[in-house]
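In: Generate coordinates for the sequence data below:
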Amino acid sequence: MKYRYVGQSQKWIRGFILLIYSLSQLSGLNSQSHEFIDKDFTGSNVVGVYEVDDELIMAVGNGLNAPFHGNSEYGLTLYKLKFDETESKFEAVELHHMQLEEGYQVFAMDFIPATDEWICVITNNVGSIGLKNFRVSIFSDDFQDLSSQEMETAGNPSYFYIDTYEHKTCVLGYVFEPGNDKLVFAQYDHLQLDGLHPFVIGQSSPMNTFWLTSMSFDSLTGNMLAFYYLGIALLDSTLFQVENHDFLSLNTNDHGTALQAGNYYYSHSAKDSAWDDGRRRLVLHKYDSSFNTLRADTLGWPGQDNYPFIANSLDIRDGAVLVGGNLDGPINSPEFFSRRKKFYLAKYDLDLNQTWYREFGGDRAYILNGLKLLENGGAFAYGFITDSTTDFRYAYIMYVNQNGDLVSAKEIAVSSGPSLSVVNPGSDQFIVLNPENLDARVVLTTIDGRRILDSELSKEVFTYDLSNWPPGIYPFVFYLDSKPIKSGKWVKRE
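Out: Next up, the predicted model:
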């Protein structure tokens, strides 16, 4: 934690009070009984929870939070989520840390079971004024960098969404650019040797898909099912609107998530101007294959600005529907990110009969990005919380059982990770620092995956001559007991 020092002597009392309050807030972060909060990575959030080889993996990075929130490191940490059903507890165990270049942030990611690979969307706001770099990267299961595509565009991203259908994984995002908002699309073909296609940039036709808030594949048609500000659309890989269903026919708009299950479609979303003052309610809909509304339910508090989870507020699994939203949105509260607020989770069957409804929070400034239904009937809700004194953000995840009841987290030891590091950037020598003299291994490759170094680390400082290699970026991975524990990119200067 970092706290501002009040330099004026006449304000020492106010400064002392703020310090005591700050320490009480920090104590609150350390004593959670039901949640995991990554209090060591300022500016972080939970990017997602993924199922990998029958294990649950949580990714924590600074993907949605700008770098001015106090973090000095840009990276991504993976945790294995473990359960003790007899004691009704869960814990998070660090598996891997990926270090990124300065200014780069993991914005979205997913695991591809068909190829045992990770796909990540990484953005960089350090560069030309008013421009952002976007990179889609494919990593192996041990985080070797296999392939990347980059582009540069003006404007700020809202979010990126990733889904897999048959032999392809697609990425669809939205960039806010004054007067020229656009979709950003990339496709990875699993059957091709280098199947990561270049970006497609533009807007969908014949109508604009303004402010995209979800994308998943529709198995009935093979097209992308997209929820956007004015309704729901089906898009093909050229960003053509195969179908469009606007808010007038769907009775929903603004922000939400749409999914297809069996022969039906579901959406959980906000509805604009639900009350005279413009505050929103949340609606859950079930549609037939032609998007005629079959059933609906309304959630949230009357008079409040109810707002869905930001990246994913709907999940469907094994005949169950899970939805989640904030009960104090940005219209109701201009200080949306720093205001203490409640949020809810609700579970339904596929006919929209409510199984349970639970409210949580109210004690901290919660921002929930997403949720996930689990095979055991339980669920995660995740995102970040904001410290009310420093405005720093910290990754947050909560677990509830099949009845919607909170399940406690075990005490999670602070892990500084392995002490392995590289001297970065460098020139002709690739230098590894191993102060604990760990029995580890380092693998260094070119950006296109050619291995140029695979060596055991048997001393505290390891030096390798790279004078014959051109300046550029070289990915590296550290291994301990044959398991990848840390990765990153080494930059060789000119």
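
In: Tell me where the stretch 201-350 of the chain has helices.
Out: 247-250 (DSSP state H, counting those that start in this stretch).

In: average pLDDT for stretch 321-329?
Out: Confidence for stretch 321-329, expressed as mean pLDDT, is 93.

In: residues touching the nearest residue to Phe336 once chain neighbours are set aside, list them.
Out: Closest residue to Phe336 apart from its sequence neighbours, by C-beta to C-beta, 6 or more residues apart in numbering: Pro330 at 4.1 Å. Where you see a C-beta, it was placed from the backbone N, CA and C, and this is true even at glycine. Counting by C-beta atoms under 8 Å, 6 or more residues apart in numbering, Pro330 touches 305, 307, 336.

In: cool, and Asn208?
Out: So Asn208 contacts Asp181 (C-beta under 8 Å, 6+ apart).

In: And it, how close does it get to Gln241?
Out: For Asn208, the distance to Gln241 equals 9 Å [C-beta to C-beta, to the nearest Å].

In: Tell me the spacing between the closest residue in space to Leu235 that isn't next to it in sequence and Lys82.
Out: With C-beta to C-beta, 6+ apart as the criterion, Leu235 has its nearest non-adjacent residue at 4.5 Å, and that residue is Met224. Plainly put, Met224 is 34 Å away from Lys82 if you go by C-beta to C-beta.

In: Which of the two has more residues huddled nearby?
Out: Met224 (24 against 13; other C-beta atoms under 10 Å).

In: Enumerate every residue touching the more buried one.
Out: 163, 170, 172, 215-218, 234-236.

In: Quickly list what it is bridged to.
Out: Taking DSSP bridges as the rule, Met224 bridges to Phe217, Leu235.

In: host element of Gly173?
Out: strand 168-176 (DSSP states H and E).

In: chain center to that strand, what's the gap?
Out: Relative to its chain's centre, strand 168-176 lies at 14 Å (C-alpha atoms, centre = their mean, to the nearest Å).

In: Kindly report the same for stretch 290-309.
Out: With C-alpha atoms, centre = their mean, you get 24 Å for stretch 290-309.

In: now swap in stretch 460-477 and tell me
Out: Worked out by C-alpha atoms, centre = their mean, stretch 460-477 lies 31 Å from the chain centre.

In: who touches it?
Out: So stretch 460-477 is in contact with 101, 142-145, 422, 426, 428-435, 437, 442-447, 452-453, 455, 484, 486-494, going by C-beta under 8 Å, 6+ apart.

In: buried stuff in it?
Out: Applying a neighbour-count criterion of 16 or more other C-beta atoms under 10 Å, one finds 462, 466, 474-477 buried in stretch 460-477.

In: for stretch 314-328, same thing?
Out: Applying 16+ other C-beta under 10 Å to stretch 314-328 flags 314-316, 320-328 as buried.

In: for Ser333, what are its contacts?
Out: With C-beta under 8 Å, 6+ apart, Ser333 has these contacts: 305, 339, 341.

In: any chance you could map the strands in the stretch 251-400 of the chain?
Out: With DSSP state E, counting those that start in this stretch as the criterion, the stretch 251-400 of the chain has strands at 256-261, 264-271, 281-287, 293-299, 307-308, 314-317, 320-326, 342-349, 354-361, 365-373, 379-386, 393-400.

In: meant to ask about the stretch 51-200 of the chain, not that
Out: 55-61, 75-84, 89-99, 104-112, 117-124, 131-140, 145-154, 156-165, 168-176, 182-189, 200-202.

In: if I look at Asp53, how far off is Leu95?
Out: 12 Å.

In: More neighbours: which of those two?
Out: Applying other C-beta under 10 Å to Asp53 and Leu95 shows that Leu95 carries more neighbours, namely 16 against 9.

In: Could you report the neighbour count for Asp481?
Out: Asp481 has 9 nearby residues by other C-beta under 10 Å.

In: and if you look at Asn401?
Out: 16.

In: Make 80 the first number, not 1, from now on.
Out: New numbering, starting at 80: the last item is Asn480.

In: Look up the closest residue to it, ignoring the ones flanking it.
Out: Ranked by C-beta to C-beta, 6+ apart and with sequence neighbours excluded, the top spatial neighbour of Asn480 is Gly457, at 4.8 Å.

In: Low-confidence regions, the stretch 380-529 of the chain specifically.
Out: In the predicted model of the stretch 380-529 of the chain, residues 488-497 satisfy pLDDT under 70.

In: And for the stretch 130-279 of the chain?
Out: 142-152, 164-167, 204-210.

In: distance of the residue nearest to Leu314 from Thr248?
Out: On the measure of C-beta to C-beta, Met303 and Thr248 end up 12 Å apart.

In: Find residues that contact each of those two.
Out: Asp242.

In: Got the domain ranges for the chain?
Out: 80-110, 112-488, 500-571 (automatic domain parsing).

In: I'd like the mean pLDDT over the first one, please.
Out: Pointing back at domain 80-110 there. 32.

In: ok, the residue nearest in space to the middle of the chain to Asp132 distance?
Out: In the chain, the centroid-proximal residue (C-alpha atoms, centre = their mean) is Val126; its distance is 2.2 Å. Val126 sits 19 Å away from Asp132, going by C-beta to C-beta.

In: now do Asp527
Out: 27 Å.

In: Would you verify that the residue nearest to the centre of the chain is located in a strand?
Out: Yes. Assigned with DSSP: H, G, I helix; E, B strand; the rest coil, Val126 falls within a strand.

In: is it true that it touches Gln184?
Out: No. Counting by C-beta atoms under 8 Å, Val126 does not reach Gln184; the two are 9.7 Å apart.
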